[in-house]
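A.B. asks: here are the coordinates; sequence isn't available:
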């Protein structure tokens, strides 16, 4: 045997012990098990993050909706305060009674604009012509000729046309016409415009509401529009639109 060399012997009867083989296997498998545990923990963290992110998104959406509702309520509150101030400044109760009566009377009417004038010179012929034309225009609202009490042109004859007041026997027919306004305007292909017959105070309220709408749009709220709800001009948010 050369110096410095180790001599290894092996007995034919040598059998590795269980403890030595198991220890070896565990030491070999230990890094893999640890890596799997880390991956499982990372997956769990990612799942929790996704869940939190979804909840945060829903909370943010609810918060934005609440902010918009608060803005609308604030706008409506300002309008109510203005109306109350006007009532307090009006010392004549008769003015309030007259406004109510005028509102009730006008509720039976609708106003048509851009309706072409008749070429007839005789007044009766012009009235009959306008009545026939109005009945056809309002057909999408199931209005028939007999539902129309009268058709009145407002003001002197001008070119191209004067506003036209359509009077019905009751406010229910007028409300039905206004409810079907989109269908009526669509059928006319934009040739006419239709709205309720408003008092001076109502027109003033609408003018103020339009100014508020313009101010809010200039401030960046572009998805707003103006609607008349229960006779009151109201700023509402368009459906399916967000800031």
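C.D. replies: Sure thing, it's come through. Here the structure is a predicted model, which is why all the values come from computation and not from measurement.

A.B. asks: pretty sure residue 209 is in contact with residue 235, am I right?
C.D. replies: Yes: counting by Cβ atoms under 8 Å, residue 235 is a contact partner of residue 209 at 6.5 Å. Backbone N, C-alpha and C define where each C-beta goes, glycine included.

A.B. asks: Need the residues touching each of the two.
C.D. replies: residue 226 (Cβ atoms under 8 Å, 6 or more residues apart in numbering).

A.B. asks: How confident was the prediction at the residue most central in space within the chain?
C.D. replies: Centroid check for the chain by Cα atoms, centre = their mean gives residue 238 as the closest residue, at 2.4 Å. pLDDT, the model's per-residue confidence, is 83 for residue 238.

A.B. asks: Tell me, how many residues neighbour the closest residue to it other than its chain neighbours?
C.D. replies: Once flanking residues are discounted, residue 238 sits nearest to residue 223: 4.7 Å by Cβ to Cβ, 6 or more residues apart in numbering. Residues near residue 223, counting by other Cβ atoms under 10 Å, number 14.

A.B. asks: Please name the residues that touch the residue nearest to the centre of the chain.
C.D. replies: So residue 238 contacts 223, 224, 225 (Cβ under 8 Å, 6+ apart).

A.B. asks: Between those residues, which sits nearest residue 132?
C.D. replies: Nearest to residue 132 among the contacts of residue 238: residue 225, at 33.9 Å, using Cβ to Cβ.

A.B. asks: what about the closest one, neighbour count?
C.D. replies: Neighbours of residue 225 using other Cβ under 10 Å come to 13.

A.B. asks: now swap in residue 104 and tell me
C.D. replies: 10.

A.B. asks: low-confidence ranges in this protein?
C.D. replies: For the chain, applying pLDDT under 70 flags the ranges 1-33, 49, 52-54, 68-69, 71-73, 75-77, 79-91, 159, 231, 240-243.

A.B. asks: One more pass at 80, please.
C.D. replies: 1-96, 99, 157-160, 228-233, 239-243 (pLDDT under 80).

A.B. asks: quick one: the residue nearest to the centre of the chain from residue 206, how far?
C.D. replies: Remark: distance between residue 238 and residue 206 (Cβ to Cβ, to the nearest Å) = 19 Å.

A.B. asks: Run the chain-centre distance for stretch 185-195.
C.D. replies: Relative to its parent chain, stretch 185-195 has a centroid offset of 22 Å by Cα atoms, centre = their mean, to the nearest Å.

A.B. asks: Let me fix that, I meant to ask about stretch 195-209.
C.D. replies: Per Cα atoms, centre = their mean, the centroid offset for stretch 195-209 relative to its chain is 22 Å.
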